[in-house]
Structures are given as structure tokens and as C-alpha cells.
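K.L.:
have a look at this fold, sequence not included:
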């Protein structure tokens, strides 16, 4: 499932392609046909993300709310056919397109989301109110979240995947940050010192914007430094990430020489090192 940085990057692409323009909305697959017809020709005001949720704001206090889930994809690309007066339905289609957005320069195709719905501004705010703190939206960990963590008996490895507490964190950030801080994923959240909780949050605030810019989940210090150097030189900053534990089960931990293991926690594969995460 795409992690939060991927959705924030997608929101930026949708915003750059469609904000401030009249957009032809359609649903070639048909499952969003009624809402697409209601939106067709309306002006898109912009796009934003919160955690793993995308919101496309449309004039008239309307919002297209999207959650990609495990298999959803939303491609945004340039085209030239509409400049020649061709209708959006004449553009080539690949796969089952739930939502198509077209203006004079770009086409956006949404496939396979678990959520694609038209809501009001208030409806989107209701969705957001049920989501946790997003490290890409808030530099400081909210006191309310900190208080909930201090009371929780749940394992910290499960809490990090709870989108109602921390929005946008997925499997890779969970595994690598817990290893980075030497935390056993099974530790009850309330037993993690507040200092360490703030350090975890600060790491997310520092690293996830780099993920937005590069399209890579970079955690290792060397990878982060290389990417920032490449970005400063005008490059994409896309380096191949080196992970300590993620998908390295059965292999040697680079810190302690122990064996990385894999188990299931919060419905997802968890990778960690019992040798140094204590």
C-alpha cells in the first residue's frame, strides 16, 4: 500500500496538472459515472493529502475523496489530443478506469481504488477528523496523540500502523525507524519514553518530505545525504535505498550481526532484529 509520502507527491502532481482549470470528468468503468457527470466541466481548485487519503477540491464545495488501498493507481500525464478538439473518451484507455480527469494539457486516470467518492467539504473534514497526525502536515507531535500513546498498552509496532493515530506511516518506515531507534516492536506504546517518541516523530518529519521529493523511502544516513546532494545539484535525488531490516528476514543485521526475522503485526509483515531491538 502506498505510504503517505506517495499520496502527498500525487496530490502535488494532480494540483500542478489541474488546479485552476475546467476539467472533463468521466468514469469509463462506470462505477463513478453519476458523480463524474455532476462534476463534468467544473473547475478544480486544488488537491491535498492527509496520510494515505487524497482530496481533489472542485468548485461548489465538492471534494473527490480517494484512498488507493493496496492495488489502486492514479496516473497523471500530459497529452495533446484535447487541443485538437477530441473528447476525453477518445483518449486511449488501459485497464479499468474508475475516474478520468482531462483538461487541455493533462489526463489523470484512477484505477482500482478502495475509495472513490464525491463528498462535500464538510464530508472531507469529517474524514480528516478520523485520521491521525500527519508528519507531512504537522512538524510538532500533537499533545492529544502523545497522551493517547502514553496510555496505550498496544505494541508500538501496531500503533505506528494505526492511521487514526499516525497518518501515512506504512510498513517500510515502521520497520526501519523501529530498528534505527533500537525498539522492540512488541514494546507497549506507553512504555516507550517520551523522548524516544519525539525522536521517532522528528525522524518522520525529517525523512518523509524527502520521500515526497525523490519518490523513495530513504532512512539510512548515507542515503539521505546522497539524495540531498543530488537534489542540490538539480537531480532527482533518486538513490537505491539500503534497508537494515525491511524484507531482509533470514539475513544478518548490519548493526549487531543477529538474524532479521519476519512476523505479522497489525495485518502486515513486520521485519525486525531481536538481537538489538530490545
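P.N.:
Okay, I see it. Please read these numbers as outputs of a predicted model, since none were measured by experiment.

K.L.:
measure how far the helix or strand containing residue 125 is from the centre of its chain, please.
P.N.:
Using DSSP states H and E, the element containing residue 125 is helix 121-129. Put simply, helix 121-129 sits 18 Å off its chain's centre (Cα atoms, centre = their mean, to the nearest Å).

K.L.:
show residues contacting that helix.
P.N.:
Outside helix 121-129, the residues within contact range by Cβ atoms under 8 Å, 6 or more residues apart in numbering are 50, 53, 55, 57, 61, 62, 63, 65, 119. Glycine gets a C-beta too; all of them are placed from N, C-alpha and C.

K.L.:
7 Å instead?
P.N.:
50, 53, 55, 61, 63, 65 (Cβ atoms under 7 Å, 6 or more residues apart in numbering).

K.L.:
quick one: buried residues of that helix?
P.N.:
123, 124, 127, 128 (16 or more other Cβ atoms under 10 Å).

K.L.:
return the distance of the first one relative to residue 40.
P.N.:
Using Cβ to Cβ, to the nearest Å, one obtains 20 Å as the distance from residue 123 to residue 40.

K.L.:
residue 193 now?
P.N.:
On the measure of Cβ to Cβ, residue 193 and residue 40 end up 54 Å apart.

K.L.:
neighbour count: those two, which is higher?
P.N.:
residue 40 (13 against 8; other Cβ atoms under 10 Å).

K.L.:
residues in contact with the more buried one?
P.N.:
By Cβ under 7 Å, 6+ apart, the neighbours of residue 40 are 24, 25, 26.

K.L.:
do that again at 10 Å, thanks
P.N.:
Under the criterion of Cβ atoms under 10 Å, 6 or more residues apart in numbering, the neighbours of residue 40 are 22, 23, 24, 25, 26, 88.

K.L.:
cool, residue 155 as well?
P.N.:
161, 184, 185, 186, 187, 188, 189, 265, 266, 270.

K.L.:
surely residue 34 touches residue 26?
P.N.:
No. Taking Cβ atoms under 10 Å as the definition, residue 34 is not a contact partner of residue 26, at 11.6 Å.

K.L.:
all helices of this protein, in order?
P.N.:
Shown for the chain, the helices assigned by DSSP state H span residues 4-18, 33-39, 121-129, 143-151, 156-159, 171-180, 194-214, 221-232.

K.L.:
for residue 78, find the nearest of these.
P.N.:
Proximity to residue 78 (Cβ to Cβ) singles out helix 4-18 among the helices of the chain, at 8.0 Å.

K.L.:
which intervals of the stretch 1-150 of the chain have sub-threshold pLDDT?
P.N.:
For the stretch 1-150 of the chain, the stretches flagged by pLDDT under 70 are 1, 81-89.

K.L.:
hey, where'd the strands end up in it?
P.N.:
For the stretch 1-150 of the chain, the strands defined by DSSP state E, counting those that start in this stretch cover 24-26, 44-50, 53-58, 62-67, 73-78, 97-102, 106-111, 115-120.

K.L.:
compare those and give me the one nearest residue 229.
P.N.:
strand 44-50 (27.1 Å).

K.L.:
buried stuff in the closest one?
P.N.:
Buried, per 16+ other Cβ under 10 Å, within strand 44-50: 44, 45, 47, 48, 49, 50.

K.L.:
my read: the last one touches residue 166, true?
P.N.:
Right, the one you point to is residue 50. No. Judged on Cβ under 10 Å, residue 50 makes no contact with residue 166 at a distance of 11.8 Å.

K.L.:
find residues that contact each of the two.
P.N.:
What both residue 50 and residue 166 touch, as defined by Cβ under 10 Å, 6+ apart, is the set 4, 131, 132, 133, 134.
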